[in-house]
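Peer 1: the sequence and its predicted three-dimensional model are supplied below.
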Amino acid sequence: MPDVGVIIPAGGSGRRFGGRTPKQFVRIEGIPILALTVRLFSRRRDVAAVVVVAPAGHVARVRRLLAAAGERRVTVVGGGEERQHSVWNGLEALPQSCEYVLVHDAVRPFASPRVISSVVSEARAHGAAVVGVPVGDTLRREGRPGYLAETVDRTRLWAVQTPQGFRTALLREAHQKAARKGIVRTDETSLVELLGVEVRVVPGSQSNLKITTRKDLEFARFLAKRAR
């Protein structure tokens, strides 16, 4: 029986991306980025439900966009003030049959089936898992303003991506604790760590990019053409 739910927060305003169209609605190969992202999960046999959390004022638009792309079984709900609040809204919309949940960025449309399956497997085994890539660039810490000081040891440093996977009950508990304490974090692994839970890391790839800038979009279009 499918027991995985997927939450796709799509409420970003895209200030760094620029332009009038929110980046999740921009098209690659004629298909909106958001629809490409949903497609990563909606056809998987282990996925019981996909919930898209839309920006305020765009719920109806997102429903129409996904229906036009053939995604008629996706639930669309409104987002909150912060990503954390939007993910909570997504949790509330998941059916009880979803014992595990994946949270994935709306503008990260190239996560591979292998990586997604690995996150699901590690979440089943350990309760929490995340995709990451080892940090390759040299890291320097700033000293006085405008000048570099010491080099930071990059050994065992990871750049975190999505999907992030959890036992649904665990992620709910983490959200509830954060709400009680007034804590807001930028990703779900940080919330789960508030409970003292260790998060397993699954090696990802640079192609699992998050489309944040116009240069990211150019690279995404290159990846889409190469994958034809």
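Peer 2: Everything's here; your move. Numbers count the residues shown, from 1 in each chain.
Peer 1: what are the buried residues along stretch 57-72?
Peer 2: 58, 59, 62, 63, 65, 66, 69, 71 (16 or more other Cβ atoms under 10 Å). All C-beta spots, glycine's among them, are computed from the backbone N, C-alpha and C.
Peer 1: lowest-confidence one in these?
Peer 2: Here the lowest pLDDT out of those sits on residue 58, with 89.
Peer 1: skipping adjacent residues, who's closest to it in space?
Peer 2: residue 22 (7.4 Å; Cβ to Cβ, 6 or more residues apart in numbering).
Peer 1: on that earlier part again, just curious, which of the buried residues of stretch 57-72 is nearest to residue 4?
Peer 2: Closest to residue 4 out of the buried residues of stretch 57-72 is residue 71 (16.7 Å), distances taken as Cβ to Cβ.
Peer 1: pretty sure residue 130 contacts residue 123?
Peer 2: No: under the criterion of Cβ atoms under 8 Å, residue 130 makes no contact with residue 123, lying 9.2 Å away.
Peer 1: okay, and the common contacts of these two?
Peer 2: Residues touching both residue 130 and residue 123 (Cβ atoms under 8 Å, 6 or more residues apart in numbering) are 165, 200.
Peer 1: check residue 74 and give its pLDDT.
Peer 2: Looking at residue 74, its pLDDT reads 97.
Peer 1: check which residues of the lengthiest strand in the chain are buried.
Peer 2: Determined from DSSP state E, the single longest strand within the chain is strand 158-167. Neighbour counts over strand 158-167 (16+ other Cβ under 10 Å) mark 160, 161, 162, 163, 164, 165, 166, 167 as buried.
Peer 1: poorly predicted segments of the chain, please.
Peer 2: 12-20 (pLDDT under 70).
Peer 1: all strands for it, in order.
Peer 2: Going by DSSP E, the chain shows strands at 4-9, 27-28, 31-32, 47-54, 75-78, 100-103, 128-134, 139-142, 148-152, 158-167, 200-203.
Peer 1: can you list the strands that the longest one pairs with?
Peer 2: Strand pairing for strand 158-167, determined by DSSP bridges: strand 100-103 (antiparallel), strand 128-134 (antiparallel).
Peer 1: got TSV for the ones you listed, with mean neighbour count too?
Peer 2: TSV is the format used below for the strands paired with strand 158-167 (neighbours: other Cβ atoms under 10 Å):
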stretch	mean neighbour count
strand 100-103	26
strand 128-134	21
